[in-house]
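Participant: With the input below, show me the fold.
(one chain, ligands or ions: 2)
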Amino acid sequence: MKTSIATVSVSGTLRDKLEAIAAAGFDGVEIFEQDFIADEGSPRDVGNMIRDHGLEVTLFQPFRDFEGLPGGLRDKAFDRALRKFDVMQELGTDMVLFCSTVHPQALGGIDRAADDFAQLGELAAERGIRVGYEALAWGRYVNDHRDAWEIVRRADHPNIGVILDSFHTLGRGIDPETIRRIPGDRIFFVQLADAPRIDMDLLYWSRHFRNMPGEGDLPVRDFMRAVTATGYSGPISLEIFNDQFRGSSTRQVARDGHRSLIALMDDVRRAEPALTVDLPQMPARQKPEGVAFIEFASRGEDAQALAAQLGALGFERAGHHRNKRVTLFQQGDIRIVLNEETEGHAAHAWNARGTTVCDIGLATASAADTLARATALGSEPFAQPIGPGELDIPAIRGLSGSVLHFLDDQSGLEGVWQQEFGAGAAVPGAGLTRVDHIAQTMSYEDMLSWTLFYTTLFETEKSPMVDVFDPDGLVRSQVVASPGGDLRITLNGADSHRTLAGSFLAETFGASVQHLAMATEDIFSTLDALIARGFEPLRMPRNYYDDLAARFDIAPDLLERMRERGILYDEDGAARFFQCYSRSFAGGVFFEIVQRLNGYRGYGAANAPFRIAAQKRLRRGKGIPAR
Ligand code: MG
Ligand code: MG
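Facilitator: Ligands and ions are numbered 1, 2, ... in the order given. Here you go, the predicted model:
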């Protein structure tokens, strides 16, 4: 399987693009004429530059408005095609994309178009060029791959084939199963793109909102299964027009693209075991089994304040690391590690961002398999020198400078607490039992990268994106969660530094974990125990509770008990949700305590604007008094 990407999919100059594309691991590039015209090099120079990067030119595109033209216009179209063939030969590629015409003077008719392509096939054959015909979703006469295939079939020329593009097929809602009827050797090239489901003009949707397979909502996997079933074995190429990507990190978008292709083809292989997909073996998506630990990097007074906050939250010191200035705090199944080392990853994280979550440990069935899949998808393994008596725990570098460790039972890695920290039995504390969810913040343009990262590595599902209104702007929020809820991550994309999420990003220079939510079976008794230990919940104004009383059927005394403890509420049918927030501490991080009842699956999104407003009031020194 050759992987390829159209140069338009990433930002930068042609040289920047080629560097990033090669570094991400692609085999080839589709060259867009526009890219090419903008470069000062001749077609031959550009071709050489591409090959110098170890890439091949898989396709030259686009050639528009060729077929169905009358008289002199038709002669001109053939003349234009010959000129482009010259460019291709200089560039060093034999494949060109012709997309279905939108020319106002073009005439319809399958046979007319087939005749044009049959004649073009002769000219292409003389030069060893292959012409692929693509049905644009908004083509004037041909907007369906079945019609494009019929034209190619009737043209009946070995140098004329069909090009399939998942956006054009799936964007119009055409059943991808129909692709199985096309012989694989007549499919010359396959382009892939996903897109979020937005009801809008097809052309505009295509030119601005395409994204990587798995980042959107289209059934790209079904499309690719059908393509693979035909026996097609040519390049699989990303053709992504996305306004956000044009402004994003060239390298990150290229890496995401490669990750999406590898994960997609791995899915296809698993779904169609009878087919041979030429792809290195990798373990399947891993089932997350929970959050094993959260590690903070901190120092000095901030570290003391964090330790005090953890104490107020019911955590106890369960052990000290045998070789390092690292303390383990524990309560129920929650382990929080406070790292005050002056060397290594935590020290770097602290230098860059101040007090911050520098490492997350995730429990999986097999830590080794998780590492193998992550690296197959392009993640970089992470390792630090191992001290005496320390375990070698598989880890990778995540996004935004984060590190993820993977722990499992089968290889004894969960024994790390006993072995490295001398930690003993569980600590009941004040009733916090497990990590309910981790809330990560990133700039909006990086959100798709994070979603793709988690959904390709773990068995997780993503929720639709929702808007959260901060008094000073918009934050977009999306949940990635495993079906059983063992791993739940809320991703928050900030557009403006004026939002709470945006100012967190700006002040921490891009830290990701903004809050950590922990579950209790009884939020009232837990909070009473915490408040007795000095915990100060984030208070909500009386108006909030008046509104709750109007929206829900809550007994007045229950409402009053909630108000006294700063508890927020949501419900969804019979499912009910209580939540309470801590004040934020150094680095802008805060904690949340939640109680889910009757299978509540949300995160209290409706409460987010009120929570944010309360946090912002507190930042301005106008908090709500305890009673
Ligand atoms: Mg296309
Ligand atoms: Mg939350």
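Participant: Tell me which residue of the stretch 201-350 of the chain lies closest to ligand 1.
Facilitator: Residue nearest to ligand 1 within the stretch 201-350 of the chain: residue 239 (4.7 Å; CB to the ion). Placement of C-beta: from N, CA and C, glycine included.
Participant: Packing partners of the helix or strand harbouring residue 349?
Facilitator: Using DSSP states H and E, the element containing residue 349 is helix 345-353. Packing partners of helix 345-353 (3 or more CB pairs under 8 Å, 6 or more residues apart in numbering; DSSP states H and E): strand 288-297, strand 356-364.
Participant: sorry, back to before: which residues are in contact with the residue of the stretch 201-350 of the chain closest to ligand 1?
Facilitator: Residue 239 sits next to 5, 6, 8, 9, 30, 165, 167, 191, 192, 193, 210 when contact means CB atoms under 8 Å, 6 or more residues apart in numbering.
Participant: hang on, the earlier thing: now the helix holding residue 349 against strand 356-364, angle please.
Facilitator: In terms of direction (axes from the mean of the first three to the mean of the last three CA atoms, to 10 degrees), helix 345-353 departs from strand 356-364 by 140 degrees.
Participant: what's the angle from helix 345-353 to strand 288-297?
Facilitator: Helix 345-353 and strand 288-297 are oriented at 60 degrees to each other (the same axes, to 10 degrees).
Participant: Identify each buried residue in helix 345-353, please.
Facilitator: Buried residues in helix 345-353, counted by 16 or more other CB atoms under 10 Å: 345, 346, 347, 349, 350, 353.
Participant: how far out from the middle of the chain is that helix?
Facilitator: Helix 345-353 has its C-alpha centroid displaced from the chain centroid by 25 Å (CA atoms, centre = their mean, to the nearest Å).
Participant: And stretch 72-92, by the same measure?
Facilitator: Its chain's C-alpha centre lies 40 Å from the corresponding centre of stretch 72-92 when counted by CA atoms, centre = their mean.
Participant: Over to stretch 431-443?
Facilitator: That offset, for stretch 431-443, works out to 18 Å (CA atoms, centre = their mean).
Participant: for it, what is the average pLDDT?
Facilitator: Averaging pLDDT along stretch 431-443 yields 95.
Participant: Going forward, the N-terminal residue is numbered 8.
Facilitator: That works, and once the first residue is 8, the last one we named lands at stretch 438-450.
Participant: buried residues in that stretch?
Facilitator: Of all the residues in stretch 438-450, those buried under the rule 16+ other CB under 10 Å are 438, 439, 440, 442, 443, 444, 445, 446, 447, 448, 449, 450.
Participant: do you know how far residue 592 is from ligand 1?
Facilitator: In this structure, residue 592 and ligand 1 are 50 Å apart, going by CB to the ion, to the nearest Å.
Participant: what's the neighbour count on residue 239?
Facilitator: Neighbour count of residue 239, defined by other CB atoms under 10 Å: 22.
Participant: count of neighbours near the closest residue to it other than its chain neighbours?
Facilitator: In this structure, residue 239 finds its nearest non-sequential neighbour in residue 191, 4.2 Å apart by CB to CB, 6 or more residues apart in numbering. Residue 191 sits with 15 neighbouring residues when counted by other CB under 10 Å.
Participant: next one: residue 204
Facilitator: Neighbourhood size, residue 204 [other CB under 10 Å]: 10.
Participant: helix, strand or coil for it?
Facilitator: Under DSSP: H, G, I helix; E, B strand; the rest coil, the three-state class of residue 204 is coil.
Participant: Next up, the contacts around it.
Facilitator: For residue 204, the contact set (CB under 8 Å, 6+ apart) comprises 223, 224, 225.
Participant: If any of these are buried, put those into a PyMOL selection.
Facilitator: The PyMOL selection below is limited to those of the contacts of residue 204 classed as buried (16+ other CB under 10 Å):
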select buried, resi 223+225
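Participant: Residue 601: which of the contacts of residue 204 is nearest?
Facilitator: Comparing those against residue 601 with CB to CB places residue 224 closest, at 28.3 Å.
Participant: Relative to residue 171, how far out is the residue nearest to the closest one when sequence neighbours are not counted?
Facilitator: Once flanking residues are discounted, residue 224 sits nearest to residue 204: 4.3 Å by CB to CB, 6+ apart. Distance of residue 204 to residue 171, given as CB to CB, to the nearest Å: 21 Å.
Participant: do residue 469 as well
Facilitator: Applying CB to CB to residue 469 and residue 171 gives a distance of 26 Å.
Participant: So which of the two has more stuff around it?
Facilitator: Neighbours were counted for residue 469 and for residue 171 using other CB under 10 Å; residue 171 has more, 27 against 18.
Participant: Tell me if the more buried one really is in a strand.
Facilitator: Yes: Residue 171: assigned to a strand according to three-state DSSP.
Participant: quick one: it and residue 235 touch, right?
Facilitator: No: with contact taken as CB atoms under 8 Å, residue 171 and residue 235 are classed as non-touching, separated by 11.5 Å.
Participant: Quick one: distance of stretch 198-218 to the chain centre.
Facilitator: Centre-to-centre, stretch 198-218 and its host chain are 17 Å apart (CA atoms, centre = their mean).
Participant: That one and ligand 1 in contact?
Facilitator: Yes: Stretch 198-218 reaches ligand 1 (CB under 5 Å from the ion) through residue 198.
Participant: Just the buried positions in that stretch, please.
Facilitator: If you call a residue buried by 16+ other CB under 10 Å, then stretch 198-218 has these buried ones: 198, 199, 200, 201, 202, 212, 213, 216, 217, 218.
Participant: buried set for stretch 118-128?
Facilitator: Residues of stretch 118-128 classed as buried: 119, 120, 121, 122, 123, 124, 125, 127, 128 (neighbour count, 16+ other CB under 10 Å).
Participant: Same check on stretch 263-277?
Facilitator: 263-276.
Participant: which among those residues gets closest to ligand 2?
Facilitator: Minimum separation from ligand 2 among these (CB to the ion) is found for residue 263, which lies at 25.6 Å.
Participant: The closest one contacts residue 458, doesn't it?
Facilitator: No: using CB under 8 Å, residue 263 makes no contact with residue 458, being 9.8 Å away.
Participant: Now the common contact residues for the two.
Facilitator: Contact criterion CB under 8 Å, 6+ apart; residues shared by residue 263 and residue 458: residue 222.
Participant: what's the neighbour count on the residue in the chain that ligand 1 sits nearest to?
Facilitator: Going by CB to the ion, ligand 1 is nearest to residue 172 of the chain, at 3.7 Å. By other CB under 10 Å, 25 other residues sit near residue 172.
Participant: Am I right that it is in contact with residue 198?
Facilitator: Yes: the pair residue 172 / residue 198 is scored as a contact, 4.2 Å apart, by CB under 8 Å.
Participant: Now do the shared contacts for these two.
Facilitator: 141, 246.
Participant: residue ranges of the strands in the stretch 358-507 of the chain, please?
Facilitator: Using DSSP state E, counting those that start in this stretch, the strands found in the stretch 358-507 of the chain span residues 363-371, 387-388, 402-404, 410-414, 439-450, 468-469, 473-477, 480-488, 495-501.
Participant: so which of the ones you listed comes closest to residue 531?
Facilitator: When the strands of the stretch 358-507 of the chain are ranked by proximity to residue 531 (CB to CB), strand 439-450 comes first, at 13.6 Å.
Participant: Show me what the closest one is packed against.
Facilitator: Other helices and strands packing on strand 439-450, by 3+ CB pairs under 8 Å, 6+ apart, are strand 295-304, strand 341-346, helix 454-464, strand 495-501, helix 507-515, strand 520-527, strand 597-604.
Participant: Quickly name whichever of the contacts of residue 204 is closest to ligand 2.
Facilitator: If you rank these by distance to ligand 2 using CB to the ion, residue 224 comes first, at 24.2 Å.
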